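Enquirer: The following block contains a protein sequence and its predicted model.
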Amino acid sequence: AQKITQTQPGMFVQEKEAVTLDCTYDTSDPSYGLFWYKQPSSGEMIFLIYQGSYDQQNATEGRYSLNFQKARKSANLVISASQLGDSAMYFCAMREARVLTDSWGKLQFGAGTQVVVTP
Amino acid sequence: DVKVTQSSRYLVKRTGEKVFLECVQDMDHENMFWYRQDPGLGLRLIYFSYDVKMKEKGDIPEGYSVSREKKERFSLILESASTNQTSMYLCASSSTSGQFRDTQYFGPGTRLTVL
C-alpha cells in the first residue's frame, strides 16, 4: 500500500509567489519523521526540511516551511517567494519508528511533484 | 557539510559486463543506501547497509549485490549488466543519532546506460 501520496504530478508557479505542495502519509506508528527533498534536473536529491511526529511546532527552514497537520496525516511543503531556481521535482518521504518496524532508517518516498517556476 | 560522492556521473556499459558503482561518504554515517530511479516508478531501494559488512535487501535486489568493507564506502555491483538495468542510481547515507537522525544525504547520482 502506498504510504506517501503526492497527488499533484506537476504545477506551474509564478516567480515571487508562494506554492504549496501536498503530501499525505499513512502510518500506525506513533513515532515517525517526515522529510522533503528537492531534485533539480541535475539529478541530485537535496534535503530541504524535516518534521518529527512529536514536534509541537511546524518546521521552517528559510523559504521552506512544513504545514504539519497530524490528525489529517498531511505534511505539506510551502515555498514562499518562489525563485526560478526552485524549478525541480519535490519528494515527500517518511521514516517510521525503527523499533516497531525494524526499518533501519529506511525512507518511503512519494512519487514527487514537478514544479516549474515561470518569470 | 555532509558529502556523499559517487564514482561516476555517467557510465556506459555493455550487456553482460560486471559493473561497480562506488559511493563514499565523509560523515561517519552508519547507514548507507542504494536506490534506482526510473521515470514513473520513483525511487526504489535496492540494498542498504546499517554497519560495516552488514547488508539488507531492499525492494528490488534482484540482479544486484553490494559490499561494505569500510564504514565510509558502499559499493553496488551488477554481476552481469542487462539493458533493463539502465537507470539513474543514487547513493545515500544517514546517521542513527543526533538532530538529523535518519535524514538521508544523497550523492550526485550515476546515470548508467547498458547497451
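Expert: On my side now, so go ahead. Numbers count the residues shown, from 1 in each chain, chains lettered A, B, ... in the order given.

Enquirer: When you work out contacts or count neighbours from here on, use the C-alpha atoms and nothing else.
Expert: Noted.

Enquirer: so where do the helices sit in chain A?
Expert: A:98-101 (DSSP state H).

Enquirer: who's in contact with residue B:17?
Expert: Applying CA atoms under 8 Å, 6 or more residues apart in numbering or on different chains, we find residue B:17 in contact with B:79-81.

Enquirer: Buried ones from those residues, can you make that a PyMOL selection?
Expert: Entered in PyMOL, the line below selects the buried ones among these, by 16 or more other CA atoms under 10 Å in any protein chain shown:
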select buried, chain B and resi 81
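
Enquirer: The spatially most central residue of chain B: what's it in contact with?
Expert: Nearest residue to the geometric centre of chain B (CA atoms, centre = their mean): residue B:34, 2.7 Å. The contact partners of residue B:34, taken as CA under 8 Å, 6+ apart, are B:45-48, B:76, B:89-92.

Enquirer: returning to what we had before: could you dump the contacts of residue B:17 into CSV with secondary structure and distance to residue B:61 added?
Expert: Listed next are these as CSV, based on DSSP: H, G, I helix; E, B strand; the rest coil; distance: CA to CA, whole Å:
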residue, secondary structure, distance to residue B:61
B:79, coil, 12
B:80, coil, 14
B:81, coil, 14
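
Enquirer: Can you tell me, leaving aside adjacent residues, what's nearest to residue 75?
Expert: I went with chain A, as the question did not name one. residue A:68 (4.5 Å; CA to CA, 6 or more residues apart in numbering or on different chains).

Enquirer: actually it's chain B I care about, not the one you picked
Expert: Nearest to residue B:75 is residue B:22, by CA to CA, 6+ apart, at 4.6 Å.

Enquirer: The one you found reaches residue B:69, doesn't it?
Expert: No - with contact defined as CA atoms under 8 Å, residue B:22 does not reach residue B:69; the gap is 11.9 Å.

Enquirer: what ranges do the strands span in chain A?
Expert: In chain A, the strands defined using DSSP state E lie at A:4-5, A:10-14, A:19-21, A:24-25, A:32-39, A:46-52, A:60-61, A:64-69, A:74-79, A:88-96, A:108-109, A:113-118.

Enquirer: Now the last one: buried residues?
Expert: Right, the one you point to is strand A:113-118. Buried-residue list, strand A:113-118, by 16+ other CA under 10 Å: A:113-117.

Enquirer: now it against strand A:32-39, angle please.
Expert: 40 degrees (axes from the mean of the first three to the mean of the last three CA atoms, to 10 degrees).

Enquirer: which residues touch strand A:113-118?
Expert: Residues outside strand A:113-118 that contact it (CA under 8 Å, 6+ apart) are A:6-15, A:21, A:82-91.

Enquirer: which of those count as buried?
Expert: A:6, A:13, A:15, A:21, A:82-83, A:86-91.

Enquirer: what bridges to residue B:23?
Expert: Note on residue B:23: beta-bridge partners by DSSP bridges are residue B:6, residue B:74.

Enquirer: What would stretch B:96-108 look like as CSV? C-alpha coordinates only.
Expert: Taking Å, rounded to 0.1, in the frame of the first residue of the first chain, the C-alpha atoms of stretch B:96-108 are listed here in CSV:
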residue,chain,number,x,y,z
THR,B,96,21.4,6.8,13.6
SER,B,97,21.8,9.6,16.2
GLY,B,98,21.7,13.4,16.6
GLN,B,99,19.4,16.1,15.5
PHE,B,100,19.4,14.9,11.9
ARG,B,101,19.0,11.2,12.7
ASP,B,102,17.8,9.2,9.6
THR,B,103,18.0,12.2,7.3
GLN,B,104,19.4,10.7,4.1
TYR,B,105,22.0,12.7,2.3
PHE,B,106,22.4,11.8,-1.4
GLY,B,107,25.2,11.7,-3.8
PRO,B,108,25.0,13.3,-7.3
